[in-house]
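Engineer: My questions concern the predicted model and sequence given below.
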Amino acid sequence: MKRENARRIGLVAFVVNLLLCGWAHLLAARSSYVGGVLLPLLTGMAFVFAAFAFTAYAHYAEISFRDFCTRYISPRQICAVLLFLLVCLPLGHLAKSGLWLTEPWMGLLYRWVLLILVAVQGILVWRLHRGLVPPIHRLEACATRSFPWIFLAMGVVFLETNWISWKVLDHVAHVEDSIAQLFQAKIFSIGRWYLDPPPVPEAFRYPHVIMEDRWCAIYPPGFSLVLALGVLAGMPWIVNPVISTVTAAILYLYARKLYDRRTAFLAVGLLCISPFFLVMGSSMMNHPLTLFVLLLLALSLEWAQSRAIMFLFAGFLAGYAFVTRPLTALGIGVPLVLFFCFEERKRWRFLLRGGLSFLVGLLPCVWLMLTANFKTTGDPFLSGYQKYFDSNPLGFGKKPWGEHPAGLVSSHQVYHTPLLGISNWSINLNNANRDLLGWPIASLFPIAYLWIRSGRPDYRDRKMLWICVGLGIAYVFYYYQDICYGPRNVYECIPYALLLISRGLIQLWTDIGAFLRIPRKPLRTLGWGFLTCMVAVMLCTTAPRLYQEYRRTYWRVTGELRSLVLKTDLGNAVVFVDPVLNYGNAFQLNPPDMKSGPLFAEDLGEDIREAVMAAYPDRAVYYAFEDFREAGRVVPRLADRPPGDDT
């Protein structure tokens, strides 16, 4: 085959492949029987024509298959490709439920593979080059001024998270975890560790809240103490947006310390447009605080190399992360400390003094954890979680939830195994691959490219990866997994993953520029254009989907009842809430001391109502019940008589 003919064959194969990929991409975007039959066929044909195109390009560039394999493919690169494919495949769903073609994973996988296939061939068509470009190890730093852009990024994050908290989440807590921690924050706001149980406990029970001789939440006190500041200010919903805003600045400082200015800018920019980060940062979950504290711990350890006093601060941060989310603190904090010890292994006296300071910094948080356990459970070594579920959540084997103080019984007993733990992590990675950036290509693909391109990235990149792996290893031992505002168990990995994604994007774009011989300034313009297109696609596809998912009674909680209560002068009334409305809508509206202001009790029948009214004889009585339903949402109504009573 002549070189010119090979070039023409490659071009024709690419055009045919482009048409096949476009057709398959449209079929993958919608679920139908025809698409389910044609999609695998079209994808297979696309790979066949891609093989023709790559063979023609290799003949044109005079590179044999053996030369390509020996010169440009290493076992590490092959492992990186296989690991990326494992991240994309829905293996967790297959292992747990036997479902392989689960929506939306296979459709997304088809689209990611097809887009990457077309992009690679498009680059080859644009510029056929003799050989491949060697890895570029030195990346030039951007000369842009730092602080104006960082303040702009912080302002963007603050506005975005506040808008989501207001327009999407209605300024209320939606998830049982966050509602329980908001309840504990209200208790902290009046200077107490727990409340005395109400006269009729059955009417005020809520999941993840202990109600025996003491009434309190089951969670460690770290986040509730911070949330109490928002309760005192009358704006608990603003706490996480403020934390997320400061996180953007901490990420820039950490990236600037570890890498260069260009990587720092790109990582912060990706943080500002990450749907996963912004939605969770708008909620009342404890994940944003844990992310912030652990990222500040990573930065303090970097500063501790030249400032020994930072060990004291690092110890406090590690402890406070533990009293917020213990398992996450271990999963990320332990790799951070181990890497620091490895880096400073030759300065053992410095490490010894720093280790003592670190332990001193831990002491206040150890006291806080033991005191919180003693005040809420009566035993400093018994956590609220263990008392509530009568079970240790970690390890393998049977995890009996059984009957707990809320009167609920689990539908089944969970027998946790290492395979289920890995499957849970696979499901989390699948979701992160989709929603971390919300782009039409896999969010984690630049990380895979970083490994595929160089085979062995530098120490800093391996450090970021092992931090993420450390969290994954920790959660293999935890039996529970869910998708709540995204794959929440990997949320604290976002800064380190974004740094790797930024590194991968910079390396990818640098390679493209060198391969196509594009000058620096036009290449930078094309890079901004690419990022703009990706953000536009995210705003047109991922953002509307997430808006509808979280807006439409997320976890059966809305802000409708709260808005109705704010408009109605209830005084010191008792409001009986119909179970149809989900008591979580009302439980979070109870006053901190359960004395001043309206009380919200679950309407569990006439006997419970009479007991509550007898316990609070001087209070007026109102009823909250379903008025009508609109687009799947239950619209509540407040009245001074029960539903159906027209007298």
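Structural biologist: Here it is on my side, so go on. Numbers count the residues shown, from 1 in each chain.

Engineer: So in this structure, which strand runs the longest?
Structural biologist: If you go by DSSP state E, the chain has its longest strand at strand 621-630.

Engineer: for the stretch 151-300 of the chain, which spans come out with low pLDDT?
Structural biologist: Of all residues in the stretch 151-300 of the chain, none has pLDDT under 70.

Engineer: For the nearest residue in space to Val239 that is not next to it in sequence, give me its contacts.
Structural biologist: In space, and not counting its chain neighbours, Val239 is closest to Gly230: 4.1 Å by CB to CB, 6 or more residues apart in numbering. C-beta here means a position set from N, CA and C on the backbone, and glycine is covered the same way. By CB atoms under 8 Å, 6 or more residues apart in numbering, Gly230 lies in contact with Ala185, Pro236, Trp237, Ile238, Val239.

Engineer: and the next element down the chain from the helix or strand encompassing the first one?
Structural biologist: Assignment of secondary structure by DSSP states H and E places Ala185 within helix 176-189. Sequence-wise, the next helix or strand beyond helix 176-189 is strand 209-211, with elements assigned using DSSP H and E.

Engineer: what about that next one, distance to the chain center?
Structural biologist: Centroid separation for strand 209-211 versus its chain: 28 Å, with CA atoms, centre = their mean, to the nearest Å.

Engineer: which residues are contacting it?
Structural biologist: 180, 183, 197, 201, 204-205, 215-218, 376-377, 384, 387-388, 405-406.

Engineer: Check what contacts stretch 578-590 and list those residues.
Structural biologist: For stretch 578-590, contacts defined as CB under 8 Å, 6+ apart pick out 172-174, 176, 179, 182-183, 186, 204, 206, 555-558, 560-562, 565, 575, 577, 598-600, 602-604, 623-626, 634, 636, 643.

Engineer: same question but for stretch 338-348, I mixed them up
Structural biologist: By CB under 8 Å, 6+ apart, the residues outside stretch 338-348 that reach it are Leu301, Ala304, Gln305, Phe350, Leu351, Gly354, Lys463, Trp466, Ile467.

Engineer: In PyMOL, select just the buried ones from the residues you listed.
Structural biologist: Buried residues among these (16 or more other CB atoms under 10 Å), as a PyMOL selection:
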select buried, resi 301+304+351+354+463+467
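
Engineer: How about the spatially most central residue of the chain, nearest residue that isn't a chain neighbour?
Structural biologist: Note on the chain: the residue nearest the mean C-alpha position is Tyr491, at 3.1 Å, using CA atoms, centre = their mean. Nearest residue to Tyr491 in three dimensions, chain neighbours excluded: His287, at 4.4 Å (CB to CB, 6+ apart).

Engineer: residue ranges of the strands in the stretch 451-600 of the chain, please?
Structural biologist: Per DSSP state E, counting those that start in this stretch, the stretch 451-600 of the chain carries strands over the ranges 574-577, 599-602.

Engineer: strand partners of the last one, parallel vs antiparallel please.
Structural biologist: This points to strand 599-602. Sheet pairing of strand 599-602 (DSSP bridges) gives strand 574-577 (parallel).

Engineer: Can you report how many residues lie near the residue nearest to Pro592 when sequence neighbours are not counted?
Structural biologist: Among residues not flanking Pro592 along the chain, Lys186 sits closest, at 3.7 Å (CB to CB, 6+ apart). Neighbour count for Lys186, taken as other CB atoms under 10 Å: 24.

Engineer: Buried residues, the strand or helix carrying Leu336. List them.
Structural biologist: If you go by DSSP H and E, Leu336 is part of helix 326-343. For helix 326-343, the buried set under the neighbour-count rule, 16+ other CB under 10 Å, comprises 326-337, 339-340.

Engineer: Which one of those residues is nearest to Arg545?
Structural biologist: Of all the buried residues of helix 326-343, Thr328 has the smallest distance to Arg545: 26.9 Å, by CB to CB.

Engineer: quick one: the closest one and Leu289 touch, right?
Structural biologist: No: Thr328 is not in contact with Leu289 according to CB atoms under 8 Å; the separation is 10.7 Å.

Engineer: what about Phe151, how many neighbours?
Structural biologist: Count around Phe151 with other CB under 10 Å applied: 12.

Engineer: any residues touching the particular helix or strand that has it in it, and which ones?
Structural biologist: Counting by DSSP H and E, the element that carries Phe151 is helix 147-163. Helix 147-163 is contacted from outside by 238, 240-242, 244-249, 252, 265, 268-269, 271-272, 278, 281-282, using CB under 8 Å, 6+ apart.

Engineer: how far does it sit from the chain's center?
Structural biologist: That offset, for helix 147-163, works out to 19 Å (CA atoms, centre = their mean).

Engineer: And stretch 183-199, by the same measure?
Structural biologist: That offset, for stretch 183-199, works out to 30 Å (CA atoms, centre = their mean).
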